[in-house]
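Enquirer: Take this sequence and fold it.
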Amino acid sequence: MTKQLLIYEKVEAVTARKHGDLSVKVGDNYDFARKINSVPIMAAEFPNVGLDCAIVFTGNEQSIMPVMLMGFRDQENLYIDDGGQWTGGYVPAFFRRYPFVFSSADNGKTFTLCIDEDFPGCNREGKGERLFDTDGERTQYLKNVLEFLQEYQLSYQRTEAFSKKLKEMDLLEPMTAQFTTADGSSGNLTGFMAVNRENIKKLSGEQLAQLAATDELELIYVHIQSLKNFPRMLEKLKNSGEEPAREAPVTKQSAVKRKPTGNKSAATGKKAGSKKKAAKK
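Expert: All right, here's what the predicted structure looks like:
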């Protein structure tokens, strides 16, 4: 079985015929995201995500999107504890929409609501919320799910346009975050991009006014400020039992350096002497 969209295992279109008696019980367990070290976020989420997580950009020539970093290495999520509980302050919408997702077969012209049938909360014993009533009509719960995903899709399109604008204005550049753990092993977090402050200064007054009028200039500085959260990630690494070296803390100045790494599709953590790739999106 192939995993789709990072956390989805078995995605099927929601229909009354197939899911008429299906219930969904959603709890506060995020075990499904334990091996995800970065997740896409929407521009509207920047202020909340930026409080305790680093926001960076990943992608390629065709598409660039912001992501929330949650780990230094492949299959490492420092924001989920051993019991599957979320330890961060804000849960990204990408996780909150699970086990539901939109799919499209015509390049985004129309969307179909789908569900991950392998989600543990899916059941036919009436536990949680029903998707359809006894007459085969959508329940209020399902209507709320649809509304949430529609808002998510609109936000995705706005975020995609924002990211494209950053690229067109030549504000993004490849970056690398270096870290060292207490056992002496070092590593690099690569495959992501960040806004270069110096490039902001090169923008014309008209460009700056445009960014300010759409609140995108504020988003840029929230992103830049969020890079100071790398030490918080190292603190979580320490609490997980892998204490980082005290003599080499991660700081924006000393550990997040400009270094050509190429435009990869996801942040990648790699230890010295070995390569590790991040989860595919």
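Enquirer: Helices of the stretch 1-150 of the chain, start to end?
Expert: Taking DSSP state H, counting those that start in this stretch as the test, the helices found in the stretch 1-150 of the chain are 16-19, 46-49, 93-96, 140-168.
Enquirer: and among those helices, the most buried is which?
Expert: Scoring the helices of the stretch 1-150 of the chain by mean neighbour count under mean count of other C-beta atoms under 10 Å gives helix 46-49 as the most buried, with a mean of 20. Backbone N, C-alpha and C define where each C-beta goes, glycine included.
Enquirer: send the alpha carbons of it over as PDB?
Expert: These are the backbone C-alpha positions of helix 46-49, laid out as PDB (Å, rounded to 0.1, in the frame of the first residue of the first chain):
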ATOM      1  CA  PHE A  46       2.200  32.000   9.800                       C
ATOM      2  CA  PRO A  47       1.500  34.100  13.000                       C
ATOM      3  CA  ASN A  48       0.600  30.900  15.000                       C
ATOM      4  CA  VAL A  49       3.200  28.600  13.600                       C
END
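Enquirer: What helices and strands are in contact with that helix?
Expert: If you count contacts as 3 or more C-beta pairs under 8 Å, 6 or more residues apart in numbering; DSSP states H and E, helix 46-49 packs onto helix 216-226.
Enquirer: With adjacent residues omitted, what lies nearest to the residue nearest to the spatial centre of the chain?
Expert: For the chain, the residue nearest the mean C-alpha position is V39 (1.8 Å; C-alpha atoms, centre = their mean). Leaving aside its sequence neighbours, V39 sits nearest to F94 (C-beta to C-beta, 6 or more residues apart in numbering; 4.9 Å).
Enquirer: Surely the one you found touches P40?
Expert: Yes. Between F94 and P40 there is a contact under C-beta atoms under 8 Å: 5.6 Å.
Enquirer: Contacts only, for the residue nearest to the centre of the chain.
Expert: Taking C-beta atoms under 8 Å, 6 or more residues apart in numbering as the criterion, V39 is in contact with 6, 33, 67-68, 70, 92, 94-95.
Enquirer: circling back to that earlier point, residues touching the residue nearest to V39, list them.
Expert: Under the criterion of C-beta under 8 Å, 6+ apart, the neighbours of F94 are 6, 39-41.
Enquirer: from what I can see S103 touches A13, true?
Expert: Yes. With contact defined as C-beta under 8 Å, S103 counts as touching A13 (7.4 Å).
Enquirer: shared neighbours of the two, anything?
Expert: With C-beta under 8 Å, 6+ apart as the test, S103 and A13 both reach 112, 114.
Enquirer: the more surrounded of the two?
Expert: Ranked by neighbour count (other C-beta atoms under 10 Å), S103 and A13 place S103 first, with 15 against 11.
Enquirer: what are the bridge partners for that one, then?
Expert: On the basis of DSSP bridges, S103 is bridged to T112.
Enquirer: Distance check, it against Y8.
Expert: Distance of S103 to Y8, computed by C-beta to C-beta, to the nearest Å: 10 Å.
Enquirer: quick one: E45 and P92, what's the gap?
Expert: According to C-beta to C-beta, E45 and P92 sit 6 Å apart.
Enquirer: Overlap in contacts, the two.
Expert: Jointly contacting E45 and P92 under the rule C-beta under 8 Å, 6+ apart are M68.
Enquirer: With that, I have no additional questions.
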